[in-house]
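Colleague: Sequence and predicted structure are below.
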Amino acid sequence: MAQRIAYRHGDIVFERTLAEPDMSLSKAKQHLVIAKGETTGHAHVLDGEILVYNTVEELLLPAGRETSEISVVEPSTLTHPEHKPITLPPGRYTVRRQREFWGESRYVAD
Amino acid sequence: MRALRGKPGTFAWWASFVAHVRGNRPFCTPEARRVLKHHLRASAVQAVLKGREWESQDPYPTKSRHRGGLPWWLYARSLSLGPHTIVRHWVPGVVVRWVQTETGRRTLLVAKGTRTHRGCAAHMTRIERIWALYRRYPKSIIAQEMLVACANALRRRGRVIPPMGGPPLSLQVLRDTRNLELRRVLVEMQGVELPKKPYAEDAVGKLYQIDGQQALLEVKCPSTGRRYLLGVPVRAPRTWNEPGHVLDTPSKAQRWTLGLGEEVQLAAQT
């Protein structure tokens, strides 16, 4: 089993759970918008060969949805206007937002 | 083709027609209906159909005639906030302008009466106006977006965001301000009530203890250098996949906010 590693891009975390992509995810994307900033309009975008669940339409993490799964088939680049790009190696990833605690745990918005 | 609603020529028909042309859902709120009904004209729809106005490269279509008579929400395909959002959360005293930035054309929502300078982020010298607008409509997404955009524009130009006076923000305000960007700008402009000394400090940031359960983590973004304040627990609650443990350093607190266990290696962060 591959070592568990994670990549952080602003308030979005990509945790690699397995080194092999899950090919059972049938929906392929070349350009996947992960999440969009509420006040800035800036988006975290993943460009490459990515597999997602069929339910994913435009945004991987729209408001109210805080975690999701993707599979990266080929090295893909993660970009955002305010952050340096990161290249994600192939594998299965759990994608989630950063969270905080104010009496109870909740996910952050930006 | 998506089905058009109502009889041809009626408001419902035109609204669904425009929605189809724009590829969006139909306008639905009463306010949107009222505004749309007031501005919608057949000539404008024809211009959209012919594609003339969509391809216009004029970065400053502040006047109606520059947009070929189109209302701005039909013209603005590069709005950072969707037109539906803008119409739904509209506040008086705001006008829409466009500026050309390094990454493309950007919509700017500015306080009415603000002078727009060519090629720059416009309203940055008038942050007082935007602050006043935000104070009046603190829950408006438009006012929030304007405040954040203005503060970011000031920072990009190396200017100091002026303090706006008033008492420093309470922890309750931090808690209620869920948007981290807005929270950061508010803290920069008004300050915040914090304990005098952090109880832990390392390369990640500072940790302030508020009470027996609540702590505050101050971290610096590695890419932008901006400082953010996040609420964290003093003791991480035990869950089905996470053992409870004490967050006694900023590093541990930051890993908790990212949901990373100790066995996970953070390969890159920007």
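Modeller: Yes, it's here. Remember, predicted model here, so these are calculated numbers, not experimental data.

Colleague: beta partners of A:Thr87?
Modeller: Beta-bridge pairing of A:Thr87 under DSSP bridges involves A:Thr77.

Colleague: how many neighbours does it have?
Modeller: A:Thr87 has 12 neighbouring residues, counting by other CB atoms under 10 Å in any protein chain shown. Quick note: C-beta positions are derived from backbone N, CA and C, even for glycine.

Colleague: For stretch A:42-56, buried residues please.
Modeller: Of the residues in stretch A:42-56, A:His42, A:His44, A:Val45, A:Leu46, A:Gly48, A:Ile50, A:Leu51, A:Val52, A:Val56 count as buried by neighbour count, 16 or more other CB atoms under 10 Å in any protein chain shown.

Colleague: My understanding was that B:Ala215 contacts B:Pro233; is that so?
Modeller: Yes - between B:Ala215 and B:Pro233 a contact is recorded at 6.9 Å, counting by CB atoms under 8 Å.

Colleague: Now the common contact residues for these two.
Modeller: Overlap of the contact sets of B:Ala215 and B:Pro233 (by CB atoms under 8 Å, 6 or more residues apart in numbering or on different chains) consists of B:Leu247.

Colleague: more neighbours, these two?
Modeller: B:Ala215 (25 against 20).

Colleague: distance of that one from A:Glu66?
Modeller: 22 Å (CB to CB, to the nearest Å).

Colleague: roughly how far apart are B:Val204 and B:Pro250?
Modeller: On the measure of CB to CB, B:Val204 and B:Pro250 end up 4 Å apart.

Colleague: Which neighbours do the two have in common?
Modeller: The contact lists of B:Val204 and B:Pro250 share B:Val219, where a contact means CB under 8 Å, 6+ apart.

Colleague: higher neighbour count, these two?
Modeller: Here B:Val204 and B:Pro250 are compared on neighbour count by other CB under 10 Å; more neighbours surround B:Pro250, at 23 against 19.

Colleague: Would you check which pair of the buried residues of stretch A:42-56 lies furthest apart?
Modeller: Pairwise distances across those peak at 24.9 Å for A:His42 and A:Leu51 (criterion: CB to CB).

Colleague: Alongside chain A, which residues does the stretch 151-270 of chain B contribute?
Modeller: Neighbours of chain A within the stretch 151-270 of chain B, by CB under 8 Å from any CB of the partner chain: B:152, B:175, B:178-182, B:213-214, B:221, B:223-224, B:230-233, B:237, B:257-261, B:263-270.

Colleague: try it again with 7 Å
Modeller: B:175, B:178-182, B:223-224, B:230-233, B:257-260, B:263-270 (CB under 7 Å from any CB of the partner chain).

Colleague: among those, which are in helices?
Modeller: B:Arg175, B:Leu180, B:Glu181, B:Leu182, B:Thr257, B:Leu258 (DSSP state H).

Colleague: PyMOL command to pick out the buried ones of the residues you listed?
Modeller: In PyMOL, a selection of the buried entries from those looks like this (16+ other CB under 10 Å):
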select buried, chain B and resi 180+181+182+257+258
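
Colleague: Check which helix or strand the most centrally placed residue in chain A maps to.
Modeller: Nearest residue to the geometric centre of chain A (CA atoms, centre = their mean): A:Val95, 4.2 Å. Assigned by DSSP states H and E, A:Val95 belongs to strand A:91-97.

Colleague: CA atoms of that strand as PDB?
Modeller: Coordinates of each C-alpha in strand A:91-97 appear next as PDB, following Å, rounded to 0.1, in the frame of the first residue of the first chain:
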ATOM      1  CA  GLY A  91      -4.100   7.800  -7.700                       C
ATOM      2  CA  ARG A  92      -7.300   7.900  -5.700                       C
ATOM      3  CA  TYR A  93      -7.900  11.000  -3.700                       C
ATOM      4  CA  THR A  94     -10.300  12.200  -1.100                       C
ATOM      5  CA  VAL A  95     -11.000  15.900  -1.600                       C
ATOM      6  CA  ARG A  96     -12.300  18.000   1.300                       C
ATOM      7  CA  ARG A  97     -12.400  21.500   2.600                       C
END
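
Colleague: How about that strand and chain B, any contact?
Modeller: Yes - with CB under 7 Å from any CB as the measure, strand A:91-97 is seen reaching chain B through A:Arg96.

Colleague: wait, isn't the residue nearest to the centre of chain A in contact with A:Arg65?
Modeller: No - applying CB atoms under 7 Å, one finds A:Val95 not in contact with A:Arg65, separated by 10.2 Å.

Colleague: Pull up the overlap in contacts between these two.
Modeller: Here A:Val95 and A:Arg65 have no joint contacts, going by CB atoms under 7 Å, 6 or more residues apart in numbering or on different chains.

Colleague: those helices in the stretch 101-250 of chain B, which residues are they?
Modeller: B:127-136, B:141-156, B:171-176, B:180-190, B:250-258 (DSSP state H, counting those that start in this stretch).

Colleague: Of the ones you listed, which is nearest B:Gly9?
Modeller: Comparing those by CB to CB, helix B:141-156 comes nearest, at 32.5 Å.
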